[in-house]
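> Attaching a predicted model along with its sequence, questions to come.
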Amino acid sequence: MKLAEYRKKLENEPLKDVLPTYIEAEDLSESRFKHRGKWLALPHCWGVVHKDGKYIFFITANDEKGYLWYTEEQEDEDRLVEHIKRKFDIRMAASHVSTDSDLMQRFIQRVYGYSENQAANVVAQFSRYDDIFDEFRNFQRYRRMEQERGNKVTEQGYTAEKLVDIYHLTEVEAYQLLVRLREEPQAALKDLKFQKQ
């Protein structure tokens with residue numbers, strides 16, 4: 001199997017969110033990868049570089065520094081893809097035993113660039129309210145800002161979707177604001193009014 005074919009297959013995996021994000025890389029150093037002419041260190045990424053007749057698979061660390069954490073070299077692309085597939089299959093199988101909170105935390109870290117601590121705090125905040133937690137989990141899985149039956153959490157006339165549209169927030173910020181609108185409605189509304197000006 002070729003790399004492009006495997007990447008396409010990964011897009012249909014229901015547990016793809018537990019995997020690192022694919023990034024096109026041109027070169028590797030001891031700790032970083034080159035992307036669009038710049039040397040970078042980004043957390044929780046993977047890629048393949050073709051260099052000196054070899055295919056080099058890399059994964060970066062899932063922390064704020066994002067340095068190269070793992071590499072594997074193969075001379076044959078098919079053998080390298082088999083190696084990547086085995087590694088990611090193990091990771092996806094392990095995620096089956098992860099809790100929804102664990103998956104949500106990793107999703108927030110990967111998609112929004114939050115540190116492990118920041119993401120854990122956000123998940124703890126969402127966990128105080130089943131409806132908000134469930135709706136964000138639904139967004140994480142299906143990219144829809146609504147609950148299973150199509151209902152939307154509404155606080156003080158705002159849904160997460162409305163907050164994203166009006167105030168240009170990220171989805172995670174919108175759900176955090178829903179929590180605040182529920183817990184401190186007057187202060188949150190005052191801040192929104194100020195932000196609109």
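Received it, and whenever you're ready, just let me know what you need. Residues are numbered from 1 along each chain as shown.
> what about residue 101, distance to residue 52?
Distance, residue 101 to residue 52, using Cβ to Cβ, to the nearest Å: 43 Å. Yep, even glycine has a C-beta here, placed from its N, CA and C like the rest.
> cool, and residue 175?
47 Å.
> which of the two has more neighbours?
The residue with more neighbours, out of residue 175 and residue 52, is residue 175; 25 against 7, by other Cβ atoms under 10 Å.
> Which of the three states applies to that one?
Taking DSSP: H, G, I helix; E, B strand; the rest coil as the rule, one finds residue 175 in the helix state.
> which ones are touching it?
The neighbours of residue 175, taking Cβ atoms under 8 Å, 6 or more residues apart in numbering as the test, are 126, 132, 135, 136, 139, 160.
> so what secondary structure elements neighbour the helix or strand hosting the third one?
Assigning secondary structure by DSSP states H and E places residue 135 in helix 130-142. Under the contact criterion of 3 or more Cβ pairs under 8 Å, 6 or more residues apart in numbering; DSSP states H and E, the helices and strands touching helix 130-142 comprise helix 100-112, helix 116-127, helix 160-167, helix 171-183.
> Could you provide these in a markdown table, with additional columns for distance to residue 91 and mean pLDDT?
Formatted as a markdown table, these follow (distance: least, Cβ to Cβ, whole Å; pLDDT from 0 to 100):
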| stretch | distance to residue 91 | mean pLDDT |
| --- | --- | --- |
| helix 100-112 | 11 | 91 |
| helix 116-127 | 17 | 93 |
| helix 160-167 | 29 | 93 |
| helix 171-183 | 23 | 95 |
